[in-house]
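K.L.:
Turn this into a model:
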Amino acid sequence: MIRVVVNGAAGRMGSEVVRSVMAEEGLEIVGAVDPGAAGKDLGETVGKGHNGIVISKSLDEEFSKEKPDVVVDFTSPKVIYENAKYVLTHGVNMVIGTTGLTADQRDELAKIAETTGANGLVAPNFSLGAVLLMKVSAEISRYMPNAEIIELHHNHKYDAPSGTAKLTAEKMAAARTSAPEPDETKESLPGVRGGKYEGITIHSVRLPGYVAHQEVLFGGYGEILTLRHDSLDRKSFMPGVMLACKKCMTVKGFVYGLENYLE
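P.N.:
Numbers count the residues shown, from 1 in each chain. The predicted model follows:
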């Protein structure tokens, strides 16, 4: 059994991860961290009934109890870098769904992981459909370089644009074989054309009711090609998280993007 600790266990994503680990063959939930729910029973907190696991207030407190095989982190961009440094420094594998890590920070974490022998994954999106959308978008960009991204999320999301949109743009930009035609539009309202990332315009929508959604629009001569992926429930992320918990035990290194575990 792979022994799992969930950091951010009382949050929307964290509690879903806990319930999924409890139901997943080959995985065992052995601990949880969440400062806002410290001291409470984990099973009761996630609606699964008393299970005797007491939620810790910090990773340091949790690691003083026992050392897990994997830590799954769905916390906050404000703390994810320090969380990851702590876990990897202790030689524990890590699955990160929290956005906010910069490229330099990911590089630094990769060096720590290499030194300690820990493995890890940072994934902006654990939905298999979203990963496939990124893959197809990159392929289309070889032939249709004019494109824009629209990403739509709930209004409690910490960051904009989403990590998924940024990774999609990175893959599309890297795949382009020709430059897009110039945008000659002049903004009469600053910011109305969205933001540029890797030369691709991204628009972020934040409204109650959304979960996680993304459109990639490609424009050509006399034609438009639109790709769209919708996550309607957080359960859509769970197969990818469960896969990552298992794969990080054997796939060496600290990698960025769930597609690295699908190959």
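
K.L.:
A84: what secondary structure?
P.N.:
helix (DSSP: H, G, I helix; E, B strand; the rest coil).

K.L.:
contacting residues for it?
P.N.:
Taking CB atoms under 8 Å, 6 or more residues apart in numbering, we find A84 in contact with 73, 94, 96, 101, 109, 120. Backbone N, C-alpha and C define where each C-beta goes, glycine included.

K.L.:
for the host helix or strand of A174, which positions count as buried?
P.N.:
Using DSSP states H and E, A174 sits within helix 163-175. Neighbour-count burial for helix 163-175 flags 163-173, 175 (criterion: 16 or more other CB atoms under 10 Å).

K.L.:
same check, this time on stretch 3-20
P.N.:
Buried, per 16+ other CB under 10 Å, within stretch 3-20: 3-11, 13-20.

K.L.:
Give me the contact list for that stretch.
P.N.:
21, 27-34, 36-37, 40, 42, 45-48, 55, 59, 62, 66, 68-76, 83, 97-98, 234-235, 237-238, 241-242, 245.

K.L.:
Now with 6 Å, please.
P.N.:
21, 27-34, 36-37, 45-46, 62, 68-75, 234, 238, 241-242, 245 (CB atoms under 6 Å, 6 or more residues apart in numbering).

K.L.:
List buried residues within those.
P.N.:
For these, buried by 16+ other CB under 10 Å: 21, 27, 29-34, 37, 45-46, 62, 68-75, 234, 238, 241-242, 245.

K.L.:
Can you show me the strands along the stretch 101-250 of the chain?
P.N.:
According to DSSP state E, counting those that start in this stretch, the stretch 101-250 of the chain carries its strands in the segments 120-122, 147-153, 195-197, 200-206, 212-220, 223-231.

K.L.:
in its sheet, what does the fifth one sit against?
P.N.:
Meaning strand 212-220. strand 147-153 (antiparallel), strand 223-231 (antiparallel) (DSSP bridges).

K.L.:
and the gap between the residue in the chain sticking out farthest from the centre and P182?
P.N.:
Residue farthest from the centre of the chain, counting by CA atoms, centre = their mean, is G222 at 35.8 Å. Between G222 and P182 the distance is 19 Å, computed by CB to CB, to the nearest Å.

K.L.:
and which of the buried residues of helix 163-175 is nearest to Y261?
P.N.:
L167 (14.4 Å; CB to CB).

K.L.:
my guess is T116 meets N93, correct?
P.N.:
No: the pair T116 and N93 does not pass the contact test of CB atoms under 6 Å, sitting 10.2 Å apart.

K.L.:
between these two, who's got more neighbours?
P.N.:
Remark: of T116 and N93, N93 carries more neighbours, 27 against 14, as counted by other CB atoms under 10 Å.

K.L.:
my guess is that one meets N119, correct?
P.N.:
Yes: if you go by CB under 6 Å, N93 and N119 touch, sitting 4.8 Å apart.
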